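Peer 1: Below are the sequence and a predicted model; questions follow.
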Amino acid sequence: MTAEPTTPPAKPARRFALLSNRAGAVFLTPAGLLVALFVIIPFFWVIFVSFTNRTLLGRTALNPEFVGLANYFALFDPANFFQRGQFGFSLILTTQFVLASALIGQALLGLLLAWLIQTVPPWIKRLTETFVIAAWILPEVVIGFAWFAFLDRDQGTLNAILGSVGLPKGDFLLQQPFWVIVVFNTWRGAAFSMMLFNSAFSSIPPSYFQAADVAGASSWQKFKDIALPLIRGHVVTDLILITMWTFNTFTPFLLTNGGPSYRTELLSIYNYRVAFRDFEFGKGAAVGVIIMLINLAFALIYLTIGRKKKA
């Protein structure tokens with residue numbers, strides 16, 4: 001009579017799992033401390049400061065007073081909400097900037113470039129990707145000063161080109177500063193959209209387009225009826241991400257310094273001016289809290305759409 005096999009005790013497995021959990025906690029502790037030090041603690045500190053009248057200089061620098069919602073009421077004061085140099089003006093300007101530069105500029109330009117390079121020879125595709133991506137990976141300071149030199153009124157490259165063909169020169173940074181930063185940010189940020197859409201187009205089975213060619217479909221019909229419906233999720237992801245990035249961008253400051261006459265003072269630049277030029281830390285912190293809430297709304301939209309896509 002053979003003995004029945006016995007099940008080995010589960011204690012070693014439980015002990016190994018316990019050791020694994022402890023080892024994981026040990027390895028995660030430094031990362032958790034860094035997150036707490038540089039993210040969580042500053043987050044709550046900014047919220048606290050937004051309820052005070054803390055400044056960089058003067059009596060309230062060392063002994064700030066609690067003022068409640070006074071900073072928020074000052075930002076949303078209807079008497080001067082829409083005036084230049086005020087919070088409301090910067091908020092509306094930033095909204096216009098996001099619509100023009102991110103949603104219309106970067107997304108459409110990136111989508112167009114990604115679709116066009118699907119039909120060109122490989123060497124043209126690689127050359128186009130190199131030039132577009134270069135605008136994205138170069139340091140912001142380098143790009144900002146390069147554009148400043150390109151648009152300079154006296155010795156700028158653009159005015160030199162216009163003068164050589166008999167067209168009038170212009171001081172574009174003074175005459176059309178808003179559209180200058182829109183074009184600048186579109187040119188710089190279209191690379192991300194192009195790479196995302198290029199990857200999405202490459203994932204579509206070629207047989208779909210081959211069947212459309214047999215049916216005599218035009219390029220526009222293939223794009224509208226085949227490609228666009230299949231990459232709808234990528235389009236939504238791209239729009240949300242570039243909206244958040246464009247909303248928080250500070251690079252236009254290198255071109256215009258927020259001027260002239262506050263005409264390019266986006267919300268990020270306004271926050272910088274209030275906190276580090278006017279030294280009103282409490283009011284600047286209130287602006288930062290509002291920016292964080294807007295970003296949180298964008299993040300929740302992104303997470304909600306991501307869950308729906310997985311479902």
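Peer 2: It's in. Numbering: from 1, shown residues only.
Peer 1: for this protein, what are the low-confidence residue spans?
Peer 2: Within the chain, the segments meeting pLDDT under 70 span 1-21, 24, 306, 308-311.
Peer 1: which helix of it spans the most residues?
Peer 2: helix 281-310 (DSSP state H).
Peer 1: which parts of it are buried?
Peer 2: Along helix 281-310, these residues count as buried under the neighbour rule (16 or more other CB atoms under 10 Å): 281-291, 294, 298, 302. (C-beta placed from N, C-alpha, C; glycine too.)
Peer 1: wait, which of the residues you listed is closest to residue 214?
Peer 2: Distance to residue 214, by CB to CB, is smallest for residue 302 among the buried residues of helix 281-310, at 38.8 Å.
Peer 1: Quick check, that closest one in contact with residue 237.
Peer 2: Yes - between residue 302 and residue 237 there is a contact under CB atoms under 8 Å: 7.4 Å.
Peer 1: Can you pull the residues that touch both of these two?
Peer 2: The contact sets of residue 302 and residue 237 do not overlap (CB atoms under 8 Å, 6 or more residues apart in numbering).
Peer 1: Now for the closest residue to residue 225 other than its chain neighbours, how many residues are close by?
Peer 2: For residue 225, ignoring the flanking residues on the chain, the nearest one in space by CB to CB, 6 or more residues apart in numbering is residue 217 at 7.4 Å. Residue 217 has 16 neighbouring residues, counting by other CB atoms under 10 Å.
Peer 1: Check residue 117 too.
Peer 2: Residue 117: 21 neighbours (other CB under 10 Å).
Peer 1: ok, it - contacts?
Peer 2: Neighbouring residues of residue 117 by CB under 8 Å, 6+ apart: 124-125, 128-129, 198.
Peer 1: Give the ChimeraX command for selecting the buried subset of those residues.
Peer 2: In ChimeraX, a selection of the buried entries from these looks like this (16+ other CB under 10 Å):
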select :128,129,198
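Peer 1: Using JSON lines, lay out the contacts of residue 117 together with distance to residue 162.
Peer 2: Below are the contacts of residue 117 laid out as JSON lines (distance: CB to CB, whole Å):
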{"residue": "124", "distance to residue 162": "28"}
{"residue": "125", "distance to residue 162": "31"}
{"residue": "128", "distance to residue 162": "26"}
{"residue": "129", "distance to residue 162": "29"}
{"residue": "198", "distance to residue 162": "33"}
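Peer 1: Check the contact between residue 168 and residue 159; I expect there is one.
Peer 2: No - using CB under 8 Å, residue 168 makes no contact with residue 159, being 9.3 Å away.
Peer 1: Those two: who's more crowded?
Peer 2: residue 159 (20 against 7).
Peer 1: sec struct for the residue nearest the centre of the chain, please.
Peer 2: What sits nearest the mean C-alpha location of the chain, by CA atoms, centre = their mean, is residue 245, with 0.7 Å. Residue 245 falls in the helix class when you classify it by DSSP: H, G, I helix; E, B strand; the rest coil.
Peer 1: repeat for residue 80
Peer 2: Going by three-state DSSP, the secondary structure assigned to residue 80 is coil.
Peer 1: Could you do residue 179 as well?
Peer 2: Using three-state DSSP, the structure places residue 179 in helix.
Peer 1: tell me which element residue 42 falls in.
Peer 2: In this assignment (DSSP states H and E), residue 42 forms part of helix 41-49.
Peer 1: so what does that helix touch, helix or strand wise?
Peer 2: Helix 41-49 sits against helix 281-310, with contacts defined as 3 or more CB pairs under 8 Å, 6 or more residues apart in numbering; DSSP states H and E.
Peer 1: and residue 245, how far is that from residue 252?
Peer 2: Distance of residue 245 to residue 252, given as CB to CB, to the nearest Å: 13 Å.
Peer 1: Can you give me the neighbour number for residue 109?
Peer 2: Neighbours around residue 109, by other CB under 10 Å: 18.
Peer 1: My guess is it contacts residue 185. True?
Peer 2: No - counting by CB under 8 Å, residue 109 stays clear of residue 185, with 11.2 Å between them.
Peer 1: residues touching the residue nearest to the centre of the chain, list them.
Peer 2: If a contact means CB under 8 Å, 6+ apart, then residue 245 has 102, 189 as its contacts.
Peer 1: Dump the helix holding residue 42 to CSV, restricted to CA.
Peer 2: These are the backbone C-alpha positions of helix 41-49, laid out as CSV (Å, rounded to 0.1, in the frame of the first residue of the first chain):
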residue,chain,number,x,y,z
ILE,A,41,5.0,68.9,1.6
PRO,A,42,5.3,71.8,-0.9
PHE,A,43,1.7,71.1,-2.1
PHE,A,44,0.3,71.6,1.4
TRP,A,45,2.7,74.5,2.1
VAL,A,46,1.5,76.4,-0.9
ILE,A,47,-2.1,75.9,0.1
PHE,A,48,-1.2,77.2,3.6
VAL,A,49,0.6,80.2,2.3
